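Enquirer: what follows is a predicted protein model with its sequence.
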Amino acid sequence: MYASCYLVCYGIAQWESRVNGLDLKDKNLVGTISPNIRNLSFLRSLNLAINSFYGRIPSEAGHLIRLQSLNLSYNSLEGEILVNLSHCSNLMYLGLQYNHLVQQIPSELGSLSKLKNLYLANNQLSGKFSPSMRNLFSLQYLWLDLGIALPNLQKLAMAGNKFTGSIPSALSNASNFQEIDIPTNYFTENIPLEFGNLRNLTWLNANRNLFGNYSVDDLSFLRLLTNCNQLQTLDISYNRLGGSLLPEVGNLNTFVYLDISFNKFFKEIPAELGDCLGLEALYVQGNFFEGTIPDLSKLRGVQYLDLSHNNLTGQIPNYMVSFSMLINLNLSINNLEGEVPIQGVFRNATIIEVYGNNGLCGGIQELQLRTRSNKHRNRVVFKLILAIGIPAFSVVVLSLISLC
């Protein structure tokens, strides 16, 4: 093990052995990867993940033609992805995620016909994808992106890069897709309608991109997602989506997690959301929703409910008192009015947030809201006077009439 470490870190050319596996994962190693790695010509598996290697990946790695698994993830490697990794024609696993790699994905990687797992997320990769990537017929897990004509692909993850352009609609050809995770990039245009053909999809995370044009057609894909009857997680927050939230969202009754926050949705929140009975987390904050809070009383298992930073009006619905599973309820920065309940979850100030609603009053003391206003009390007194005074006045008038 020490000899292996010494070779990889410092380049001992004289060390020779028919080693076919080298696992130095998470060994606190620091330095560059030596070009003398080419001497390990019988190597089939090399794992240097979770260390502090820096610099470029040595081109000599492309000479390890017997290599089946190469994991260099979670380091500080720089430069471009090696073109000559395509010479490692037996590669089935390539892990380069969480480094500082730049530029485009080499088109030559499309020749790795045996590759099943490709992990490239959380680098600084840019540009568009080469059509040659569609030749990766064996690919099952892609932590980055693509799908084009990869029928066996099940998971797609490409978070935290700088990819641009539109998502290819041909991704839907990968009918076995279960998870699409493409957040924190610069993807534009619309989320493909064809995603509605992915019947096995359980997870779609497209947050923090540039999807949409703040137009009424931005959510057209949502109608077809109702075909994805296993979809549990949808996160399209922090994009440029606009229009009103479609009532069809209620047909996605397998939802567990829905986040549409920080877009430009307007009009009312559809009451059909209340039909998503399995929802545990619902985030709609940071939009332009208006009107009263709809009937969501059937969401008995909801744990996180954020309706803040909108233009909602009316009172806090009484049914929220019975949301016993709540961990956080955020109704702040709206135009709500009336008394805040003091029963149920509203007895715990660490769970609820209601600040920034000038019309709210009452509630438990920890919320530091104003008490019921004098104006409100005056209205109540006036109503009592009317209720008591008018009958009394009628009795007096009748008495005077009888005296006449």
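Expert: Perfect, I can see it now. Numbers count the residues shown, from 1 in each chain.
Enquirer: got a list of what the closest residue to Val256 other than its chain neighbours touches?
Expert: In this structure, Val256 finds its nearest non-sequential neighbour in Gln232, 4.4 Å apart by CB to CB, 6 or more residues apart in numbering. Bear in mind the C-beta positions are built from the backbone N, C-alpha and C, glycine included. The contact partners of Gln232, by CB atoms under 8 Å, 6 or more residues apart in numbering, come to Thr202, Trp203, Thr254, Phe255, Val256, Tyr257, Gly278.
Enquirer: where does the chain have low pLDDT?
Expert: Counting by pLDDT under 70, the low-confidence segments of the chain come to 1-17, 127-131, 133-134, 137, 140-152, 170, 372-404.
Enquirer: please enumerate the helices of it.
Expert: Assigned by DSSP state H, the chain shows helices spanning 2-10, 220-225, 374-403.
Enquirer: in the second one, which residues are buried?
Expert: So that's helix 220-225. Applying a neighbour-count criterion of 16 or more other CB atoms under 10 Å, one finds Phe221, Leu222, Leu224, Leu225 buried in helix 220-225.
Enquirer: can you check stretch 50-58 too?
Expert: Ile50, Asn51, Phe53, Ile57, Pro58.
Enquirer: for stretch 104-120, same thing?
Expert: Quick answer for stretch 104-120 (16+ other CB under 10 Å): Ile105, Pro106, Glu108, Leu109, Gly110, Leu112, Leu115, Lys116, Asn117, Leu118, Tyr119, Leu120.
Enquirer: turn the residues you listed into CSV, including distance to Ser324.
Expert: Below are the buried residues of stretch 104-120 laid out as CSV (distance: CB to CB, whole Å):
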residue, distance to Ser324
Ile105, 49
Pro106, 54
Glu108, 57
Leu109, 52
Gly110, 53
Leu112, 52
Leu115, 49
Lys116, 45
Asn117, 42
Leu118, 44
Tyr119, 41
Leu120, 43
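Enquirer: now, those that are in strands?
Expert: Assigned to strands by DSSP state E, the following of the buried residues of stretch 104-120 qualify: Asn117, Leu118, Tyr119.
Enquirer: what pairs with the second one across the strands?
Expert: Each beta-bridge partner of Leu118 is listed here: Leu94, Leu142, as defined by DSSP bridges.
Enquirer: endpoints of stretch 271-291, how far apart?
Expert: Between the opening and closing residues of stretch 271-291 lies a distance of 11 Å (CA to CA, to the nearest Å).
Enquirer: going by neighbour count, list what's buried in that stretch.
Expert: Quick answer for stretch 271-291 (16+ other CB under 10 Å): 272-276, 279-287, 289.
Enquirer: show me what contacts Tyr238?
Expert: So Tyr238 contacts Asn207, Arg208, Asn209, Ser261, Phe262, Asn263 (CB under 8 Å, 6+ apart).
Enquirer: check the gap between it and Asn71 for me.
Expert: 31 Å (CB to CB, to the nearest Å).
Enquirer: same check, this time on Gln232
Expert: Using CB to CB, Gln232 is found at 29 Å from Asn71.
Enquirer: do the same with Thr164
Expert: Separation of Thr164 from Asn71 (CB to CB): 28 Å.
Enquirer: so for those two, which sits in the more crowded spot?
Expert: Ranked by neighbour count (other CB atoms under 10 Å), Thr164 and Asn71 place Asn71 first, with 20 against 14.
Enquirer: the residue lying closest to that one once chain neighbours are set aside: neighbour count?
Expert: Nearest residue to Asn71, sequence neighbours excluded (CB to CB, 6+ apart): Gly95, at 4.0 Å. For Gly95, the count of nearby residues is 20 (other CB under 10 Å).
Enquirer: Asn75 is in contact with Gly95, correct?
Expert: No. Using CB atoms under 8 Å, Gly95 is not in contact with Asn75; the gap is 10.4 Å.
Enquirer: which residues are contacting stretch 303-313?
Expert: Applying CB under 8 Å, 6+ apart, the external contacts of stretch 303-313 come out as 261, 269, 280-293, 296, 299, 323, 325-337, 353, 356.
Enquirer: picking up where we left off before, find residues that contact each of Gly95 and Asn75.
Expert: The contact sets of Gly95 and Asn75 overlap at Ala49 (CB under 8 Å, 6+ apart).
Enquirer: residues touching Gln103, list them.
Expert: Shown in contact with Gln103 (CB under 8 Å, 6+ apart): Glu80, Ile81, Leu125, Ser126, Gly127.
Enquirer: out of the residues you listed, grab the one that's most surrounded.
Expert: Leu125 (25 neighbours).
Enquirer: nearest residue to it in space, please, no chain neighbours.
Expert: Asn161 (4.7 Å).
Enquirer: wait, what's in contact with the one you found?
Expert: Listed by CB under 8 Å, 6+ apart, the contact set of Asn161 reads Leu120, Ala121, Asn122, Asn123, Gln124, Leu125, Ser126, Leu144, Thr184, Asn185.
Enquirer: kindly recompute the last result at 7 Å.
Expert: Neighbour list for Asn161: Ala121, Asn123, Gln124, Leu125, Asn185 [criterion: CB atoms under 7 Å, 6 or more residues apart in numbering].
Enquirer: hang on, the fourth one packs against Ile105?
Expert: So the one you mean is Leu125. Yes. Using CB atoms under 7 Å, Leu125 is in contact with Ile105, at 6.3 Å.
Enquirer: so what's the residue count around Cys318?
Expert: Wrong residue type there; residue 318 is Asn, not Cys. 11.
Enquirer: equivalent analysis for Tyr257, please.
Expert: The number of residues packed near Tyr257 is 17, by other CB under 10 Å.
Enquirer: for it, list the residues it contacts.
Expert: With contact taken as CB under 7 Å, 6+ apart, Tyr257 is in contact with Gln232, Thr233, Glu280, Ala281.
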